[in-house]
Every structure is written in C-alpha cells, then in structure tokens.
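S.K.: Turn this into a model:
(one chain, ligands or ions: 2)
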Amino acid sequence: MSSSIIHADVAVIGAGTAGMHAFSTARRAGAKVVMIDHGPLGTTCARVGCMPSKAVLHAAKRWSTLQALLSPGSVLPAGHTTPQQLWTQALAIRDELVAGNVRQVHQLAAEDLLRGSARFVAQDTVALSDGRRVQARAFIVATGSAAIKPAALQTALGDALITTDELFYLPELPRSVAVMGLGAIGLEMGVALQRLGVDVAAAGRSAVVAKVADPEVAQAASTYFAQQLPMALGEKQITVTRVEGGVRMQAGKLEHRAQYLLAALGRAPCLQGLEMALAGVQLDDQGSPVIDAAQPGSLRCAGSMVFLAGDSAPGPALMHEAGHEGTLAAQEALRALGDGDWPHIAERHRTTSMSIVFSDPDIAEVGTRFDRLPADAVIGTVTGKGSGRSKIMQAPHHVLRMYAERSTGRLLGASLLCEGGEHLAHQLAWAVQRGETVEGMLQLPYYHPTVEEMMDTALRDMRRTCKVRNGGVIMDAHSKRWEGTGDA
Ligand SMILES: Cc1cc2nc3c(=O)[nH]c(=O)nc-3n(C[C@H](O)[C@H](O)[C@H](O)COP(=O)(O)OP(=O)(O)OC[C@H]3O[C@@H](n4cnc5c(N)ncnc54)[C@H](O)[C@@H]3O)c2cc1C
Ligand SMILES: NC(=O)c1ccc[n+]([C@@H]2O[C@H](COP(=O)([O-])OP(=O)(O)OC[C@H]3O[C@@H](n4cnc5c(N)ncnc54)[C@H](O)[C@@H]3O)[C@@H](O)[C@H]2O)c1
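M.R.: Residues are numbered from 1 along each chain as shown. Ligands and ions are numbered 1, 2, ... in the order given. Below you'll find the predicted structure:
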C-alpha cells in the first residue's frame with residue numbers, strides 16, 4: 001500500500017486505443033501526462049474485439065471455400081488442416097498482436113503508466129486501488145465498454161453463458177453455439193463459427209441483421225444470412241434454459257441445443273465505480289455523464305474537467321472512432337487548461353461516420369444513415385443483378401444504395417451489402433467527407449468489371465431518378481445545381 005500523490009497536467013484513465021491516442025497527443029504537446037490501467041493491457045480491439053473476430057472470420061472463409069469446392073461425400077486427404085487448427089492459428093495471431101500492443105504501451109508511457117483501478121475522490125484527484133493518488137488538472141476517461149450480460153441469464157446458465165470475451169479464450173473450437181442478438185457481433189460470429197463447421201443457430205429481437213437502417217439493404221442482408229445459418233429475427237420472446245451439456249434456446253419455431261449461449265446483446269460504457277460525480281460531473285436520470293451541450297460534438301462532461309473518449313463516450317463504439325476521440329479529447333482538455341503551455345495543438349475534426357460488418361458479404365453504412373435522410377433525398381440503387389462483377393461472383397444479393405441532397409447533388413451517404421464492401425465503403429466515405437457530388441463522381445473512372453462499377457450504376461440511377469421526378473431536370477456539373485439540360 002502506498003499513499004503517495006502523483007501530480008500531472010492530464011491523467012488518462014484507460015490504456016486502450018482511445019487512452020493511448022490521448023496520452024500521446026497530450027505528451028507530444030508538452031503536457032505532463034500519466035495513464036492509469038488496471039489491465040489486462042493490450043486493448044479490447046486486439047484482445048477480444050476487432051482482431052480475433054476478423055482472424056476467425058478469415059479462417060472461416062478459408063475453410064468454407066474448401067468445403068464448397070468438395071463434391072458431396074468426398075474425403076479430404078490425411079493430414080489436412082482442420083477447423084480446430086485454423087481456430088488455434090487465429091488465436092495465436094491475436095496473442096502476437098496483444099503482445100505487440102503491450103510492448104507499445106510500456107514503451108509509450110514507461111514509468112507514467114500506473115497499474116491499478118482508478119476512481120474519483122475529488123474534483124482534481126483519483127485514487128488508485130493500491131492507495132496512490134493522482135492529482136491532475138484534467139482527466140480523460142477512456143475506460144472502454146463491456147458486453148451486456150443480463151443477470152437472469154447469468155444465473156440461469158452459469159458458465160454456459162459466454163460473450164466474445166470468453167469465446168476468444170476458448171482453446172477448443174466449440175461444437176455448437178446458440179447466438180443471442182444479431183447486431184454486428186452476433187452476425188459476424190454466427191457466420192464465422194457456422195462456416196468453421198460449428199452447429200450454430202441465432203435469434204435476435206430486431207427484425208433486421210446488423211441494425212441496418214436502409215430497408216432494401218436490410219432486406220437483402222437478412223434474406224441472405226437467413227439462408228446461411230438458421231436464424232429467428234424479430235423475436236420478442238427468446239427463452240434460454242440450462243440443459244444437460246449446455247443450453248437450449250427457443251425463439252418462435254427455432255429451437256437449438258448448444259454447448260454455449262453467446263450473448264451479443266450490445267455493449268455498455270465502463271463508467272460504474274469511477275464515482276464521476278465526485279469529479280463534479282453532472283449525471284442524468286440513468287446515471288450517465290451529461291456532455292457539455294454548449295459545444296456540439298464535445299467530449300467534455302458538463303461542469304467538469306473530465307473528458308470522455310472511445311467506447312466510454314456516447315456515439316459509435318468503433319476502433320477508429322476510439323483513436324480519433326482520444327486525440328480530440330486530449331486536444332479539448334489542453335485547450336480547456338488554456339494556459340498557453342502548449343502552443344501548437346494540431347486541429348483535428350470528426351470524420352464521416354462509417355461502419356463495416358465483415359460478414360462476407362460485408363454490410364456497410366457511411367455518412368447519413370437512411371433513417372436520418374432529408375425527406376426529398378435522391379436515392380440511387382444497384383443490385384448484383386445489374387453488376388457485371390457481381391454476376392461473375394454469382395452474387396445477385398449484392399446491393400448498393402447511394403444518397404444525395406436533391407438541391408445540390410452532394411453525396412450524403414450510402415449503404416451496401418457486397419463482397420469486398422469494406423473497400424467500397426471507404427471510397428464512399430471519402431467522397432462524402434470531401435463533399436463530392438453525383439456529377440463529380442460520374443466524371444471519375446470505373447474499371448470493368450469491378451464492384452466499383454456499382455457506384456457508377458447507382459450514380460446514374462440517381463441522375464435518372466431525379467430526371468423522372470423533376471420532369472426532365474438533372475444536375476449540372478459546373479453550377480452543382482439541378483438544371484434543365486444534359487444527358488442522363
Ligand atoms: C467482438 C468485437 C469485435 C469488434 N470489431 C470491431 C471492428 O471490426 N472494427 C471496429 O472498428 N471496432 C470493432 N469493435 C469495437 C472496438 O474493439 C472498440 O470500439 C475499441 O476497442 C474501444 O477502444 P477503447 O480504447 O474505447 O477501449 P479499450 O480498448 O477497452 O480500453 C479501455 C481500457 O480501460 C481500462 N480500464 C477500464 N476501467 C478502468 C478503471 N476504472 N481504472 C483503470 N483502468 C480502467 C481497461 O483495462 C482497458 O485497458 C469490436 C468489438 C468487439 C467486442
Ligand atoms: N465490424 C465492426 O465494426 C464491429 C464488429 C463487432 C462489434 N462492433 C462494435 O461492437 C458493438 C457491440 O456489438 P453488439 O453486436 O454486441 O451490439 P449491437 O448493439 O450492434 O447489437 C445488439 C443486438 O442485440 C439485439 N438485442 C439486444 N437485447 C436483446 C435481447 N434481450 N434479446 C435478443 N436480442 C437482443 C439488438 O436488437 C441488436 O440487434 C457494436 O455496436 C459495434 O460498435 C463492431
């Protein structure tokens with residue numbers, strides 16, 4: 001037990017992706033910074049998030065490709081790679097990444113990395129679990145999020161209830177899994193495990209997979225993935241009971257017995273136990289910090305010198321957003337300290353929103369989501385039936401929807417279901433962020449036969465839709481307004 005007091009300009013709580021970005025930003029600006037973490041180190045992304053999930057999806061793609069090429073009843077030669085070996089390899093890739101991240105955090109923070117659990121005891125002080133105290137002028141809370149595990153399920157199922165935290169530390173690939181929740185994690189892990197030969201069935205409360213907002217993409221994705229693995233969507237009543245050898249899940253007509261129930265029901269910010277009220281943070285009725293309303297997009301908790309970043313902040317729980325928010329939170333904190341000690345704080349801004357579910361075909365949404373579009377937005381649609389490359393891939397289920405502002409033709413966003421859609425999603429997000437217009441995008445080259453041609457077709461559809469709706473009016477490239485002449 002130590003009762004020493006450590007002084008800093010900025011104390012970062014959490015050494016994950018957001019915390020590391022916050023720490024290095026504040027350190028580079030010349031501030032005295034410390035970073036506190038109770039462990040395990042290595043980041044959620046690398047340990048139990050983005051990286052193991054994508055490594056398992058990659059393994060699953062390899063195995064399922066092989067399976068699809070075998071004729072029924074054929075036997076693989078002795079010594080062939082097994083799904084268990086692919087699972088072990090995927091986890092080994094994760095272990096290497098985690099070891100690299102742990103080395104990186106030690107190199108980055110050295111003696112300014114304080115191991116222990118932090119909680120506020122005063123406006124300017126946090127106490128660590130070993131009794132040390134950190135007094136700082138600003139705090140960045142980057143404590144991440146945790147999987148929601150309903151207490152009733154925990155009581156009923158015991159260790160047969162797992163989340164991805166436990167899944168990615170199972171040395172043996174499970175024989176069978178029931179997946180509850182069909183958001184990003186439920187869908188990615190459901191298809192990955194099923195493709196690795198695990199007996200999987202999934203049930204979700206929502207009527208669509210991966211929370212897709214665009215109804216046409218949602219319909220295409222839900223139909224496609226329902227053919228890939230047994231699933232019940234839109235089930236308000238999902239019952240799971242403990243049975244001999246595991247669990248039994250019942251959702252409407254779907255019944256599944258499995259070794260484990262994988263709960264993929266969302267994630268909640270890790271803010272409990274931090275005693276944020278003692279730091280002067282205002283809490284709402286739910287006990288969540290109130291964000292400073294005076295500064296739109298701010299990460300500052302109202303009335304305090306506490307800033308949130310990453311999964312512990314409101315907004316999307318994504319890795320690139322966590323890193324970005326860590327940087328932004330550090331910049332906001334230094335500006336709030338405002339004593340001119342850090343003359344150059346680089347300007348960073350929020351980027352166009354983007355989410356990609358690596359379900360192969362990928363589901364992606366960029367920019368303004370369908371449910372937030374202005375009522376008169378122009379929408380262009382292309383499906384796999386109208387795309388040369390999709391025909392080659394035998395993927396009529398592909399769909400790309402692009403949205404633009406009617407008065408200017410400026411791209412607002414897009415939603416898609418497409419193999420390799422992660423790349424299309426980036427190009428679309430870049431175009432939205434750069435303020436590209438339909439006509440501007442149509443002047444770019446599209447190689448044949450590529451999935452990028454789907455953009456060309458969707459853009460032409462937008463132009464045509466607008467022409468039909470507006471009685472011969474299309475958008476002019478130069479004035480960037482919809483004008484009365486031109487080709488379609
Ligand atoms: C299965 C899964 C798949 C995912 N896939 C993707 C993907 O493909 N792409 C993507 O962009 N995102 C993905 N995500 C989301 C992504 O992993 C997270 O958004 C990101 O890792 C969050 O980073 P963070 O820095 O906010 O939190 P973390 O990396 O969790 O860091 C928080 C740190 O705070 C520490 N901590 C917490 N409380 C305290 C305390 N009181 N005192 C001291 N230390 C504390 C923890 O030990 C931890 O080190 C996935 C998530 C999951 C679960
Ligand atoms: N590729 C990626 O970028 C990626 C991959 C995985 C996770 N993530 C991040 O992790 C976050 C958490 O993922 P997630 O899938 O756990 O959460 P989520 O919020 O994306 O989806 C949760 C799903 O569970 C359903 N659900 C909630 N309670 C339920 C209940 N009681 N019964 C049945 N269904 C229920 C919801 O309807 C929803 O569809 C994501 O929001 C995302 O930010 C990202």
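S.K.: is ligand 2 contacted by stretch 32-49?
M.R.: No: using CB under 6 Å from any ligand atom, stretch 32-49 stays clear of ligand 2, with a minimum separation of 6.9 Å. No exception for glycine: its C-beta is placed from N, CA and C like everyone else's.
S.K.: That stretch and ligand 1, are they touching?
M.R.: Yes: for stretch 32-49, a contact with ligand 1 is found by CB under 6 Å from any ligand atom, at Ile36, Asp37, His38, Gly39, Thr43, Thr44, Cys45, Val48, Gly49.
S.K.: now the end-to-end length of that stretch.
M.R.: 31 Å (CA to CA, to the nearest Å).
S.K.: One more: stretch 140-149?
M.R.: 26 Å.
S.K.: contact partners of that stretch?
M.R.: Outside stretch 140-149, the residues that touch it by CB atoms under 8 Å, 6 or more residues apart in numbering are 10-14, 16, 18-19, 22, 26, 44, 161, 163-165, 263-271, 274, 276, 306-312, 317, 322, 326, 329-330, 333.
S.K.: and those, which are buried?
M.R.: Among the contacts of stretch 140-149, those buried by neighbour count (16 or more other CB atoms under 10 Å) are 10-14, 16, 18-19, 22, 26, 44, 161, 163-164, 263-265, 267-271, 274, 276, 306-312, 317, 322, 326, 329-330, 333.
S.K.: taking the residues of stretch 32-49 next to ligand 1 one by one, which sit in strands?
M.R.: Ile36, Asp37 (DSSP state E).
S.K.: List only buried entries from the residues of stretch 32-49 next to ligand 1.
M.R.: Ile36, Asp37, His38, Thr43, Thr44, Cys45, Val48, Gly49.
S.K.: and Ala294, that's in a strand?
M.R.: No: Ala294: not assigned to a strand; according to DSSP: H, G, I helix; E, B strand; the rest coil it is coil.
S.K.: Tally up the residues packed near it, please.
M.R.: For Ala294, the neighbour count with other CB atoms under 10 Å is 8.
S.K.: can you pull the contacts of the closest residue to ligand 1 within the stretch 251-400 of the chain?
M.R.: Closest approach between the stretch 251-400 of the chain and ligand 1, counting by CB to the nearest ligand atom: Gly310, at 2.3 Å. Shown in contact with Gly310 (CB under 8 Å, 6+ apart): 14, 16-19, 142-144, 317, 321-322, 325-326.
S.K.: Check whether Arg195 really touches Ala60, as I assumed.
M.R.: Yes: applying CB atoms under 8 Å, one finds Arg195 in contact with Ala60, separated by 3.7 Å.
S.K.: give the contact list for Ser415.
M.R.: Contacts of Ser415 (CB under 8 Å, 6+ apart): Val212, Ala213, Asp214, Val217, Ala364, Glu365, Val366, Arg369, Phe370, Leu400, Arg401.
S.K.: In helices, which of those appear?
M.R.: Cross-referencing the contacts of Ser415 against helices under DSSP state H gives Val217.
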